[in-house]
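>>> Fold the following and give me the result.
(2 chains)
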Amino acid sequence: MQPPDEPTAPVSCIVNGEAIRTQVPLRRSLVDWLRHDVGLTGSHVGCEHGVCGACHVRVNGQVVRGCLMLAVQADGASVETIEGARDPLTRALQDAFFRHAALQCGFCTPGMILQAAELLAENPAPTRAEVREALSGNYCRCTGYHPIVDAVMAVSATLPAE
Amino acid sequence: MKPARFDYARPTTLAEALALLAQPDTAVLAGGQSLMPMMNLRVARPALLVDINRLPLAGITLAGGTLRIGALARHAEVLASPLVAQAAPLLPQALALVAHAAIRNRGTLGGSLSLADPAAELPACMLALDATFVVASAQGERRIPAGDFFHGLYSTALAPGDLLLAAELPAAKPGWRFAFQEVARRHGDFAMAGLALALGPNAARLALCGVEPGQRRQPAAEAALTAGDLPAALAALGRAEAMDSPDLPAAQRIHLAQVLLRRAVTQTEAADAAA
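Numbers count the residues shown, from 1 in each chain, chains lettered A, B, ... in the order given. Take a look at the predicted model:
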């Protein structure tokens, strides 16, 4: 709930392919708005200061920290969350994370998968070190990262080289 | 952890933005990768947030031997720009070490320079590349050399109401070599120490990050490097006015700066050998 005098602004954007026109509280972050107002709870809120990567969403095709962008800044943008990410790389990564047990609690997984998909779209044949570097802004407190790197490398192995 | 209340404006012209910034207690919202954490932690509580993302300040151009990078150019754009790779090859070396991919997609050149975090890579690069900054306010436009822009810990020549528009860099001349070296605890973390070096025929420009509280060139080390005297340059860095903290004592920062200078010089020599 928000106080009745909370300042708001109009926002018109596309979320997972669907046009949305609404008022948002000025100080609501993009990820809080997606979770609490749009009902898309796949992006998670961890640190709220840009360190953990659990809040990753795509804005105009680029992965960004959902906690460091205001919802009002999504005006005119196309936003995609893990729920709406239907591209083949994302689907392949979801399968690979499952097969390689690259998650335990799953809190970091949506952010990890979106970041890994962006890496593989730019560099289909990364080294393990490059995968770790690309995922260095995504914290996982369960797996020790090894199976996550395994999963990303497994998807990479199925991709045609550049 | 949510920000305190603020008013929000999203100007579409520079004149409109400068008029808004002339009001008291404003903050410029560019990429938001430092400002939003500061607001979430309530270290920053601006009354008015001026979102400049709709201003046309993102271009990267190379003309007449000058590379101009707009303040709204995202780190990822600068990192991938062929013009930057050609005219300022130090920048992609440094930007690959700046934070993480998702932050580079959003963070801007102007934001990093205006904040002047002592650990940030870009201020050191701008000093080593002899940049000039284009700054506007409601009173007009002016140019500030990088050496006069940084005033110490999170402090710059920007006055309230000022907006950084662009950085202008002289394009790399033949015979110059560039090296950026850094040590961080994890890839993308703030630098424990970083070093930007531009080495030319009979000239050198060197700046550190993460070592001293302010951003400045190291004239004694530069003179020694120009004379080809690496031990004297290392000794000069030994006299840096390093920050001191329990997790990273001054002596360790200085040691790291010296290690990085050796690595940077080795890197430029390797580039010479390959050329």
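
>>> Residue 147: what's it in contact with?
Going with chain A. Counting by C-beta atoms under 8 Å, 6 or more residues apart in numbering or on different chains, residue A:147 makes contact with A:100, A:101, A:102. Heads up, the C-betas are built off the backbone N, CA and C, glycines and all.

>>> think we crossed wires, I meant chain B
Residues counted as contacts of residue B:147 (C-beta under 8 Å, 6+ apart) are B:127, B:216, B:217.

>>> Next one: the closest residue to residue B:163 other than its chain neighbours relative to residue B:142, how far apart?
With sequence-adjacent residues excluded and distances taken as C-beta to C-beta, 6 or more residues apart in numbering or on different chains, residue B:163 is closest to residue B:136, at 5.3 Å. Going from residue B:136 to residue B:142 by C-beta to C-beta, to the nearest Å gives 8 Å.

>>> Which of those two has more residues huddled nearby?
Neighbours around residue B:136 and residue B:142, counted as other C-beta atoms under 10 Å in any protein chain shown, are more numerous at residue B:136. The numbers are 21 against 12.

>>> and that one, what is it in contact with?
Contact criterion C-beta under 8 Å, 6+ apart gives B:14, B:18, B:142, B:162, B:163, B:165 as the residues in contact with residue B:136.

>>> same question for the helix or strand it falls within, mean pLDDT?
Residue B:136 belongs to strand B:132-137 when elements are defined using DSSP states H and E. Per-residue confidence for strand B:132-137 averages out to 98 on the pLDDT scale.

>>> Report the angle between the next helix or strand after it and strand B:132-137.
Taking DSSP H and E as the definition, the helix or strand that follows strand B:132-137 towards the C-terminus is strand B:140-145. Per axes from the mean of the first three to the mean of the last three C-alpha atoms, to 10 degrees, the angle that strand B:140-145 makes with strand B:132-137 is 150 degrees.

>>> ok, for residue B:184, nearest residue in space, not its chain neighbours?
The spatial neighbour of residue B:184 that comes closest, neighbours along the chain excluded (C-beta to C-beta, 6+ apart), is residue B:191 at 5.3 Å.

>>> number of nearby residues for that neighbour?
Per other C-beta under 10 Å, the neighbour tally for residue B:191 reads 26.

>>> now residue A:154
Residue A:154 has 17 neighbouring residues, counting by other C-beta under 10 Å.

>>> per-residue pLDDT, it?
If you check residue A:154, the pLDDT there is 98.

>>> so residue A:11 sits in a strand?
Yes: using DSSP: H, G, I helix; E, B strand; the rest coil, the secondary structure at residue A:11 is a strand.

>>> Do I have it right that it meets residue A:21?
Yes: using C-beta atoms under 8 Å as the test, residue A:11 is close enough to residue A:21 to be in contact (7.4 Å).

>>> These two: who's more crowded?
Set side by side, residue A:11 and residue A:21 give different neighbour counts by other C-beta under 10 Å, the larger being at residue A:11 (22 against 9).

>>> Quick check: that one vs residue A:70, distance?
With distances defined as C-beta to C-beta, the gap from residue A:11 to residue A:70 amounts to 10 Å.

>>> re earlier: out of the contacts of residue B:147, who has the most neighbours?
Neighbour count (other C-beta under 10 Å) singles out residue B:127 as the most crowded of these, with 25 neighbours.
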